[in-house]
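Asker: got a sequence here, can you build the structure:
(chains A, B, C and D)
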Number of protein chains: 2
Amino acid sequence: MVTVGVMALGKDYATQECSIARALEIVGERWTLLVVRDALYGVRRYNDFLVHLGIPRAVLAARLQMLTEEGILEKRRYQESPPRDEYVVTDRGIALWPALRALGRWGREHYAETVLRLFQHAECGTELGSYGECPACGIVVPVEDVLMVPGPGLDPDPANPVSRALLRPKRLLQPIAVDQV
Amino acid sequence: MVTVGVMALGKDYATQECSIARALEIVGERWTLLVVRDALYGVRRYNDFLVHLGIPRAVLAARLQMLTEEGILEKRRYQESPPRDEYVVTDRGIALWPALRALGRWGREHYAETVLRLFQHAECGTELGSYGECPACGIVVPVEDVLMVPGPGLDPDPANPVSRALLRPKRLLQPIAVDQV
DNA sequence: GGTCATGGGTTCAATGACCGAACCTAGCCT
DNA sequence: AGGCTAGGTTCGGTCATTGAACCCATGACC
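Answerer: This next block holds a predicted model:
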């Protein structure tokens, strides 16, 4: 095969004229959408992604680099000594929220036994509707006003600190506060 | 690792308590969502999937079987002699439409140069809104009332007959009519 | 009756992605 | 000097994906 120019890791859906295929070329690889989900939940640090996802280190590094290059995450220095970076989700990543939510609803309705997480309008506490709207206020709730609260099906005492931090109700995008024991 | 019972091809996101992860275990493999997309567009036959997707035969057979076992497609005999089957999307598959549409919008807004396809409310011709609603009628349009029309960016004379059949405006779920030359 | 075309597959070797474990590095802290 | 932490890279083994080739039943063509 003769490759012309750069090709993103040989994983293109070559013949497809379709924006779904374009999207899946970017976020269709294994783990990628779960990394974006965690980023929306407020996870920002390499190590937090690692322990929360249980992903191989090499794969995580590859995904973070790709998502950064694609402008879905932004790598930013948060302390100088020792130098440490965090990965913050950008507007382009935030724009994936409707797709992630639709996937999650489908998974819950067709495969999940119990409710794991609930998403509410932070202003009024109303559970979001099927397309992310607040039935009470009649608006599509912006991501930063979505409150994530644990559902009854969630393990109340998980092993890793990131999962523990995500047990507390919190707004999306707000960085998680990992408990220092 | 001790595997208890049957595990779907070693591709589980083991530690994830999350309905997004549950969904991605089912439809997160390469090609799977594109097969479902084609099924929603009205593609039903093995050979039509094959030429439209440009997917390896073995992978297509594996995906069709898995989607059938998961109740997302239904395999049904449509003629006896010679025996021929088609794969028809079920309610569970139709329920993936919001997720596919959200992914497609994201791909279009962030990566596509031109508009490839438009989706309208068949009753009134109005372009659908961001979450699949008809702005004119004020309802979320059911999938069978969505009219798909080609956009300006679509190749007007594609090589394969399935792509040609999809050039004509058509409702979702309606089987495609491949032109017999 | 022999040959070919069609639909729907299976088999195969080669390649590439993913996996877990081990290792590396820089900069602190004691 | 030794150890810890955050953030990686390297490596051998395994598993999935790929394209090409093969198979088989039926019906159409000559």
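Asker: tell me how far residue A:124 lies from residue B:89.
Answerer: 37 Å (C-beta to C-beta, to the nearest Å). Just so you know, the C-beta spots here come from the backbone N, C-alpha and C atoms, and that holds for glycine as well.
Asker: same check, this time on residue A:117
Answerer: Taking C-beta to C-beta as the measure, residue A:117 falls 28 Å from residue B:89.
Asker: which of the two has more residues huddled nearby?
Answerer: Higher neighbour count among residue A:117 and residue B:89: residue B:89, with 27 against 18, using other C-beta atoms under 10 Å in any protein chain shown.
Asker: ranges for the strands of chain A?
Answerer: For chain A, the strands defined by DSSP state E occupy A:73-80, A:83-89, A:117-121, A:133-134, A:139-140, A:146-150, A:170-171.
Asker: near chain B at all, the fifth one?
Answerer: Yes: for strand A:139-140 and chain B, the contact criterion (C-beta under 8 Å from any C-beta of the partner chain) is met by residue A:140.
Asker: mind showing which ranges of chain A have poor pLDDT?
Answerer: A:1-11, A:14-15, A:180-181 (pLDDT under 70).
Asker: again, only using 50
Answerer: Scanning chain A for pLDDT under 50 picks out the ranges A:1-10, A:181.
Asker: domain ranges for it, per the record?
Answerer: Per automatic domain parsing, the domain ranges recorded for chain A read A:19-92, A:96-171.
Asker: quick one: residues contacting the residue nearest in space to the middle of chain A.
Answerer: With distances taken as C-alpha atoms, centre = their mean, the residue of chain A nearest its centroid is residue A:37 (1.2 Å). Contacts here follow C-beta atoms under 8 Å, 6 or more residues apart in numbering or on different chains; on that basis residue A:37 touches A:100, B:18, B:20.
Asker: as JSON lines, those with neighbour count and distance to DNA strand C would be great.
Answerer: Listed next are the contacts of residue A:37 as JSON lines, based on neighbours: other C-beta atoms under 10 Å in any protein chain shown; distance: C-beta to the nearest atom of the strand, whole Å:
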{"residue": "A:100", "neighbour count": "22", "distance to DNA strand C": "18"}
{"residue": "B:18", "neighbour count": "21", "distance to DNA strand C": "16"}
{"residue": "B:20", "neighbour count": "26", "distance to DNA strand C": "16"}
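Asker: return the member of these nearest to DNA strand D.
Answerer: The closest of the contacts of residue A:37 to DNA strand D turns out to be residue B:20 (C-beta to the nearest atom of the strand; 18.7 Å).
Asker: contacts only, for that closest one.
Answerer: Residue B:20 is in contact with A:33, A:34, A:37, A:100, A:103, A:104, A:107, counting by C-beta under 8 Å, 6+ apart.
Asker: hmm, 10 Å instead?
Answerer: Residue B:20 makes contact with A:33-34, A:36-37, A:99-108, A:116-117, B:13, B:28, according to C-beta atoms under 10 Å, 6 or more residues apart in numbering or on different chains.
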